[in-house]
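Enquirer: give the three-dimensional model of this entry:
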Amino acid sequence: WFESNSFVRKIVSRCLRPVVIRLRYMHKIIDEEEGYDDNGNMIYYDLKEQVMESYIVETRLRRAMRNVLMRWRNYRMDKQYQYVIDPITLSEPVKKVILYDWSMKRKFIFDAKSLAIHIETALLYHEGEIAEPHYPRNPWTNIDFTYRQLISIYEQLKIHGELRWSFITLRKHNFNIDVWYKYHHTSIIIHAIQTSLIQLDSIHAKELLEDFII
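Expert: Now for the predicted structure:
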């Protein structure tokens with residue numbers, strides 16, 4: 001009965017905004033018993049109650065339809081999926097990490113262990129003893145993972161028991177690599193120095209080892 005009121009519908013249609021603006025707008029709804037137009041016709045009654053009930057219904061319907069749309073898109077991508085190998089190991093994944101990219105309308109499957117190593121290698125990347133963390137990228141497309149994708153990857157790696165220190169700490173900082181580096185730069189730099197000394201892949205590392213021996 002409250003959905004048929006055009007006055008209420010106009011109010012609710014303006015509520016589909018960012019949360020802060022939406023709540024401020026809803027707070028301004030006057031608590032009136034009834035209202036009439038210039039001709040004396042009733043246009044609403046119990047305005048606040050009608051608006052709140054209509055808004056709740058609107059929100060639930062949108063959430064339900066969003067879930068239906070997500071499942072339908074995933075179903076379409078499942079039917080089109082053809083790759084059966086992991087792009088890192090070039091073999092069939094043992095512990096599967098499934099990722100849906102809605103922008104590209106593609107489905108990707110990775111091996112949990114190889115993907116965890118791939119992400120750690122990017123985060124702990126270094127040139128000699130200089131740490132230069134890179135944001136994790138999709139091995140198939142070479143495009144940075146989105147925030148939603150990283151959340152999905154984190155939860156799946158957690159289930160498979162393949163989480164590593166760098167990715168765990170990055171999650172604690174909401175996948176903000178700049179903040180993550182600020183808080184853990186000492187550990188990252190020490191890791192870069194240790195790896196450089198073990199691999200001896202630069203002239204500076206060889207000189208550093210030689211000075212240590214002398």
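Enquirer: tell me which residues of whichever helix in the chain runs longest come out buried.
Expert: With secondary structure taken from DSSP state H, the chain has its longest helix at helix 47-80. Going by neighbour count (16 or more other CB atoms under 10 Å), the buried part of helix 47-80 is 47, 50, 51, 52, 53, 54, 55, 58, 77. To be clear about C-beta, it is placed using only N, CA and C from the backbone, and glycine gets the same treatment.
Enquirer: ok, the second one to residue 73 distance?
Expert: It stands for residue 50. With distances taken as CB to CB, to the nearest Å, residue 50 is found 34 Å from residue 73.
Enquirer: same check, this time on the first one
Expert: Between residue 47 and residue 73 the distance, using CB to CB, works out to 38 Å.
Enquirer: quick one: low-confidence ranges for this protein?
Expert: Confidence mapping of the chain against pLDDT under 70 gives the ranges 1-4, 16, 29-37, 43-45, 81-84, 128-129, 197, 199-205.
Enquirer: which parts of it are helices?
Expert: Secondary structure of the chain (DSSP H): helices located at 6-13, 19-27, 47-80, 112-123, 147-160, 165-172, 177-199, 203-213.
Enquirer: going by contacts, tell me the helices and strands next to the last one.
Expert: This points to helix 203-213. Here helix 203-213 touches helix 177-199, going by 3 or more CB pairs under 8 Å, 6 or more residues apart in numbering; DSSP states H and E.
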